[in-house]
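1. Starting from these lines, generate the structure:
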Amino acid sequence: MYRLIAISLLCALGAAQTAPTPAHPAPAPSAINLNDSANARKARAVLDQAIEGVGGQAYLSYENKEESGRYYPLYHGHTNSLGIPYNYYVEYPDRDRFEVLRLKDVHIIPGQIDIGGVKSKKSDDVLIHNGDKGYEITYKGTAAQEPEDLRNYLRRRQHSLEWIFRKWIRDPNVALFYDGPAVVDGKETEGVTLLNSENDSVSVSLDLNTHYPIKISYSWRDPKDKQKNVEDEVYDGYKLVQGIWTAHSITRYFNGETSQQRFITSASYNLKLPDSMFEAAVTYDPKVPLKKR
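-> Coordinates of the predicted model:
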């Protein structure tokens with residue numbers, strides 16, 4: 001019921017932009033409070049608890065972070081890899097750099113769902129995102145990331161914990177819904193769903209005791225076959241790092257199947273990272289055969 005009301009309100013916001021001006025103007029869309037209900041206020045309180053639980057202002061204000069560890073791509077829940085060592089640098093809100101270390105002939109899928117990637121035969125591989133652009137750097141040079149891979153990455157970033165806690169909940173046009181208690185990954189949790197003005201939603205499950213995020217979930221329709229896909233990310237192994245409780249185990253699922261795991265061995269925040277780490281320029285097109293010398 002609450003979601004139907006919110007969707008109607010969100011549609012009304014769009015309709016209000018084209019309707020004729022009445023003799024007595026209605027309140028501006030911003031004056032409509034989508035979250036003026038007991039359910040929405042409960043959802044807001046739970047999200048506020050979660051932010052305080054992971055570090056409060058320290059979490060909301062960090063500028064960048066670095067993590068190192070091992071990454072395991074999986075297919076149907078299984079992997080033949082012994083773990084790919086990596087470094088991952090993230091500068092909020094829209095820049096990151098993923099480095100594969102000292103490996104040969106591997107297929108990397110940084111932060112992705114077994115879709116796309118780059119292959120290495122000689123040197124380390126790097127994947128850079130800067131704004132809405134992506135670059136793959138290999139021994140061949142720098143290529144633009146494949147469009148489908150980039151779309152998948154941008155979708156994941158939009159639904160990431162950082163964007164949920166630092167963007168979604170600040171948007172007055174995002175409706176909040178308290179979903180109640182549930183058991184997720186063997187833990188007692190309570191859930192909140194956030195719905196934006198484009199009818200896009202993301203659900204967050206929060207530990208009932210620590211208030212740490214345990215799981216996020218969202219869905220989307222494939223533009224080719226129109227089938228609904230569900231992506232989940234589960235967090236565990238929280239450790240305190242510079243005042244921020246940081247998950248050191250992250251598992252991704254695609255339509256219910258495990259697709260990726262990251263085990264973080266070290267993490268740090270607010271480093272002095274040069275802009276050059278997130279900059280790249282295309283030097284070749286992988287679709288064009290290299291000329292033999």
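
2. From L47, how far out is A143?
-> Between A143 and L47 the distance is 39 Å, computed by C-beta to C-beta, to the nearest Å. The C-beta positions use only the backbone N, C-alpha and C, and glycine is treated the same way.

3. tell me the phi and psi of L161?
-> Main-chain torsions, L161, degrees, to the nearest 10: phi -60, psi -40.

4. With D285 instead?
-> With angles defined as degrees, to the nearest 10, D285 sits at phi -110, psi 120.

5. what do you get for W168?
-> Backbone torsions for W168, taken as degrees, to the nearest 10, come to phi -60, psi -50.

6. List the contacts of it.
-> W168 makes contact with V174, L194, N196, V202 under the criterion C-beta atoms under 8 Å, 6 or more residues apart in numbering.

7. Okay, buried residues for the longest helix belonging to the chain please.
-> Scanning the chain for the helix with the most residues, using DSSP state H, yields helix 38-54. Judged by neighbour count using 16 or more other C-beta atoms under 10 Å, the buried positions of helix 38-54 are N39, A40, K42, A43, V46, L47, A50, I51, G53, V54.

8. Return the member of those nearest to D149.
-> Sorting the buried residues of helix 38-54 by distance to D149 puts V54 at the head of the list, at 29.4 Å, by C-beta to C-beta.

9. The closest one - nearest residue in space that isn't next to it in sequence?
-> With C-beta to C-beta, 6 or more residues apart in numbering as the measure, W245 is the residue that lies nearest to V54, at 4.7 Å, once sequence neighbours are left out.

10. follow-up on the earlier one: list of residues touching the following helix or strand past the longest helix of the chain?
-> Sequence-wise, the next helix or strand downstream of helix 38-54 (DSSP states H and E) is helix 57-61. By C-beta under 8 Å, 6+ apart, the surrounding residues in contact with helix 57-61 are I51, F165, R166, Q242, G243, I244, Y269.

11. Name the nearest of those residues relative to Y88.
-> Each of the contacts of helix 57-61 was checked against Y88 using C-beta to C-beta; the closest is Y269, at 12.9 Å.

12. what sits against that closest one?
-> Under the criterion of C-beta under 8 Å, 6+ apart, the contact partners of Y269 comprise A58, Y62, E63, N64, K65, E66, V241, Q242, I244.

13. what helix or strand does the closest residue to A144 other than its chain neighbours sit in?
-> Distances taken as C-beta to C-beta, 6+ apart place V282 nearest to A144, at 5.2 Å, with adjacent residues excluded. In this structure, V282 is located outside every helix and strand according to DSSP H and E.

14. Give me the phi and psi angles of the spatially most central residue of the chain.
-> Averaging the C-alpha coordinates of the chain gives a centre point, and the residue nearest to it by C-alpha atoms, centre = their mean is S160 (2.3 Å). Per-residue torsions, S160: phi -70, psi 160 (degrees, to the nearest 10).

15. What of E99?
-> With angles defined as degrees, to the nearest 10, E99 sits at phi -120, psi 130.

16. pLDDT at it, what is it?
-> The pLDDT attached to E99 in the predicted structure is 95.

17. Repeat that for K287.
-> K287 carries a pLDDT score of 85 in this model.

18. From S205, how far out is it?
-> 42 Å.

19. Neighbour count: these two, which is higher?
-> Comparing K287 with S205 by other C-beta atoms under 10 Å, the one with more neighbours is S205, at 25 against 7.

20. For the one helix or strand that one maps to, what is the distance to the chain centroid?
-> Following DSSP H and E, the helix or strand that holds S205 is strand 201-207. Averaged C-alpha coordinates place strand 201-207 at 12 Å from its chain's average position (C-alpha atoms, centre = their mean, to the nearest Å).
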